[in-house]
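Colleague: how would this look folded up:
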Amino acid sequence: MAEVLVLAGPGRAARATCALLTLARRLGTPAVVAGAPANGTTRARAGTPATVTGGGKNGATQARTPRTVAGGPASAATLGRFGAKTIYAATAPEMDEHPVAARVEMLVRLARHRPAAILVAADRDGLEIAGRVAVRLDSGFLSDVVDVTAGPDGPVAVQSVQGGAWRVESSVVRGVPVLAVRTEHVAITPAPAPARPVVTTVRLTFPRSVRAVRQVARHRARPRDLSTAAVIVAGGRGVGSAEGFELVRRLAAALDGVPAGSHAAAEQGWCPPQMQVDQVGQVVHPSLYLALGISGSLRHRAGMRGAGTVVAIDSDPQAPIFRLSDLGAVGDVHQVVPELLAEIERRRALPLIAEE
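Modeller: Okay, the predicted model is just below:
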């Protein structure tokens, strides 16, 4: 069976990678494209351009499986449990210094051997990587993919369109299919028979122009990506101030979620534009969405309509957000949220009861 290339995300994206592997097993032999190797595998010296070497599959060298892969989502054992047969690890320092450009180059290099498909998570970097790879390969690109099956002529992708109102089946008719998957919609399942992945080292070469571009923004702080977050806590005009918006961040941290804001919150400067949820900002699809002090304008509802469970807290009982919410609390955010935080802490402090 042909390989299916799965692009691994950063450490916190372990679930996303396992979701991609779950889909990849339906199409062929899963192979993870990870970051730089660790624990004894070869690494290029910083600042030294590396070259592709022969002697192994896809013009690469093979090494014993390390315990972890730096820049990858999880241990090699975990990847094997979800069916990964190969882990492609880069030796070029650009993999960490220029992550988007490096992963594009690596996927294009590996795609020369005609994989059945390339799967990436549909986060901010993933969408950019997928688009650039599709252009480089002159291949078809499908976004907003929520499911994949094997068809007679290649992968058949189920896409969520029109803000989740419709689902359509699509397939790529030219080149290697490049699919950007909304992994929060995929139920992950381990492989029936765990694999022992082999690490294959791929050495990349980059021109000096690639190194120069990244220097401009390498120290820029980047918020956690909203597009693949499972839990989002968003604040609106009802939080009252920048100090009040701190409640949003505290609740997001307590739930291991990502903070966000409405158009009004971003306009007031309480949160950066990258955290804005609406039809012209970020369109999100979390499993849980908490709206704090958000009335629920049409543009905001368009950005979060795909959420699984919606919990709204607002002082106006007629707020439109309550039409979409599964659970609503009418009250002052500054009174309700502290009580909610206290209850979360109380439940975390309860001792675990072991089953007999």
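Colleague: Now residue 273. Nearest residue, chain neighbours left out?
Modeller: residue 266 (5.4 Å; C-beta to C-beta, 6 or more residues apart in numbering). (Glycine included, C-beta is placed from N, CA and C.)
Colleague: I meant residue 279, not that one.
Modeller: Spatial nearest neighbour of residue 279, excluding adjacent residues (C-beta to C-beta, 6+ apart): residue 302 at 3.9 Å.
Colleague: Figure out the helix or strand that that neighbour lives in.
Modeller: helix 298-304 (DSSP states H and E).
Colleague: Show residues contacting that helix.
Modeller: Residues outside helix 298-304 that contact it (C-beta atoms under 8 Å, 6 or more residues apart in numbering): 163, 232, 234, 236, 262-263, 277-284, 289, 291, 294, 310, 320-321, 324.
Colleague: related to what we said a few turns ago, what about the residue nearest to residue 279, how many residues close to it?
Modeller: 15 (other C-beta atoms under 10 Å).
Colleague: cool, and the one 10 residues further on?
Modeller: By other C-beta under 10 Å, 25 other residues sit near residue 312.
Colleague: dump the residue contacts of the residue lying closest to residue 307 once chain neighbours are set aside.
Modeller: In space, and not counting its chain neighbours, residue 307 is closest to residue 289: 3.7 Å by C-beta to C-beta, 6+ apart. Residue 289 makes contacts with 231-232, 234, 304, 307-311, as judged by C-beta under 8 Å, 6+ apart.
Colleague: one step back: tell me how many other residues surround the residue nearest to residue 273.
Modeller: Neighbours of residue 266 using other C-beta under 10 Å come to 20.
Colleague: Tell me who's in contact with it.
Modeller: Here residue 266 is in contact with 272-273, 275-276, 281 (criterion: C-beta under 8 Å, 6+ apart).
Colleague: The same query, at a cut-off of 7 Å, please.
Modeller: The neighbours of residue 266, taking C-beta atoms under 7 Å, 6 or more residues apart in numbering as the test, are 273, 275-276.
Colleague: Over to it: give its phi and psi.
Modeller: In terms of degrees, to the nearest 10, the main-chain angles of residue 266 are phi -70, psi -40.
Colleague: Repeat that for residue 250.
Modeller: Dihedral angles for residue 250 - degrees, to the nearest 10 - are phi -60, psi -40.
Colleague: Please read off the pLDDT at it from the model.
Modeller: The per-residue pLDDT reported for residue 250 equals 94.
Colleague: count of residues packed around it?
Modeller: Counted with other C-beta under 10 Å, residue 250 comes out at 15.
Colleague: what's the closest non-adjacent residue to it?
Modeller: Leaving aside its sequence neighbours, residue 250 sits nearest to residue 341 (C-beta to C-beta, 6+ apart; 6.2 Å).
Colleague: which residues does that neighbour contact?
Modeller: 250-251, 254.
Colleague: isn't residue 235 right next to residue 245, touching?
Modeller: Yes - at 5.2 Å, residue 235 and residue 245 qualify as touching, with contact defined as C-beta atoms under 7 Å.
Colleague: Looking at those two, which one has more neighbours?
Modeller: Neighbour totals were compared for residue 235 and residue 245, and residue 235 leads with 32 against 22 (other C-beta under 10 Å).
Colleague: And stretch 312-328, what's buried?
Modeller: Going by neighbour count (16 or more other C-beta atoms under 10 Å), the buried part of stretch 312-328 is 312-315, 319-322, 324-325, 328.
Colleague: Quick one: residues contacting residue 84.
Modeller: Contacts for residue 84 (C-beta under 7 Å, 6+ apart) come out as 21, 30-32, 195, 197.
Colleague: Having no further points to raise, I will conclude here.
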